[in-house]
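Peer 1: Predicted model and sequence follow; I will ask about them next.
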Amino acid sequence: METRHCRFVALRLNHQPSSKKKANGNGEDRISTLPDPLLVHILSFLPTKYAVGTSVLSSRWKHIWASVPNLDFNEWEIFSPFALWKHDFSFMNFINRIVFAPLHHCCGCRVRLVPSVDHRHRHRIPSTKSSSSVDLHNHVSLFPLLEIYYP
Amino acid sequence: MSSSLEKNMLILRSSDGEEFIVPEVVAVMSKAIKNMVEDECASNTIPVPNVDANILAMVIEFCKKHDESEAEAASDLKTFDSEFVNRGQEALYDLITAANFRDVKELLDALCQNVAEMIKGKSVHHIRIQFLGYQLFEILTSNFIWNIWCDRDFD
């Protein structure tokens, strides 16, 4: 069983196209050669859903979206109270990890209707962030029923 | 040489040595060149390394249009922008690099907007093939292997 497991992992890794050369009919992978800030700038014109979706393209794109300054989780259907109930802590942890990521030097990340962002991490929001538009505090009272999610 | 020129003209030299004579008002749409002019280190010819003649001509065309149509309707400018950025990917990425390097904000925004429009709403496979230069068979094979990997049983 062990050997079989390992064999498949090896195959999968071999077939990761990111580790291959990129010469083909379309021309090589030009867009990934752009520097990070430019990719971030491009992603900032996309709706958040598509911007985050680019993280699965290749290893180069995995963390690019996290630096996009205007992430907006407001439009996601996951924000319905029922979805929040269903996914209980996973989504909350997701938002926590984005907003409080040490590398995330964004100036405005709009996270609305999140009543459950961890209180204990509030002090880690730099003043520049909290003053612009990470207004998590104001939206706490929108779902008083969900306040039970506070740790 | 500069004495024969008008006072408000600048010479830009691209990386392959071609020279463009542009009015100063057009050239200073690039923040990098504007800084050079303000610091008065742009006496004669301004070298624009990393940008070849084709791309530089395009950038100058864009800046000229934006300078002329300052007073015109914004919708005209919008249509010009959308036509201007409608190019092949090669030129597009060269332009993005040049606009970033020369710090031309309007051009950079228009170009990035265009790339974003192209990416928007496409599937992962589509983006991989169209932008990241993946072959179709790569995607098919990796999917095939991935399916086997997911359907495996642990008995």
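Peer 2: Great, that's in hand.
Peer 1: which residue does chain A bring closest to chain B?
Peer 2: Chain A approaches chain B most closely through A:Phe45 (3.5 Å), counting by C-beta to the nearest C-beta. Bear in mind the C-beta positions are built from the backbone N, C-alpha and C, glycine included.
Peer 1: On the three-state scheme, that residue is what?
Peer 2: coil (DSSP: H, G, I helix; E, B strand; the rest coil).
Peer 1: Pull the number of nearby residues for the closest residue to it other than its chain neighbours.
Peer 2: What sits nearest to A:Phe45 in space, not counting adjacent residues and going by C-beta to C-beta, 6 or more residues apart in numbering or on different chains, is B:Ala116, at 3.5 Å. Neighbourhood size, B:Ala116 [other C-beta atoms under 10 Å in any protein chain shown]: 18.
Peer 1: Alpha carbons of stretch B:89-109, as PDB, please.
Peer 2: Output of stretch B:89-109 as PDB, limited to C-alpha atoms (Å, rounded to 0.1, in the frame of the first residue of the first chain):
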ATOM      1  CA  GLN B  89      -0.500  39.100 -25.600                       C
ATOM      2  CA  GLU B  90       3.200  39.600 -26.500                       C
ATOM      3  CA  ALA B  91       2.700  43.400 -27.100                       C
ATOM      4  CA  LEU B  92       0.400  43.600 -24.200                       C
ATOM      5  CA  TYR B  93       2.900  42.300 -21.600                       C
ATOM      6  CA  ASP B  94       5.700  44.400 -23.200                       C
ATOM      7  CA  LEU B  95       3.500  47.400 -22.900                       C
ATOM      8  CA  ILE B  96       2.600  46.600 -19.300                       C
ATOM      9  CA  THR B  97       6.300  46.300 -18.400                       C
ATOM     10  CA  ALA B  98       7.100  49.500 -20.200                       C
ATOM     11  CA  ALA B  99       4.200  51.400 -18.600                       C
ATOM     12  CA  ASN B 100       5.200  50.100 -15.200                       C
ATOM     13  CA  PHE B 101       8.800  51.000 -15.700                       C
ATOM     14  CA  ARG B 102       8.100  54.500 -17.000                       C
ATOM     15  CA  ASP B 103       5.300  54.900 -14.500                       C
ATOM     16  CA  VAL B 104       2.500  55.900 -16.900                       C
ATOM     17  CA  LYS B 105      -0.500  55.400 -14.700                       C
ATOM     18  CA  GLU B 106      -3.300  55.800 -17.200                       C
ATOM     19  CA  LEU B 107      -1.700  53.300 -19.600                       C
ATOM     20  CA  LEU B 108      -1.000  50.800 -16.900                       C
ATOM     21  CA  ASP B 109      -4.500  50.900 -15.600                       C
END
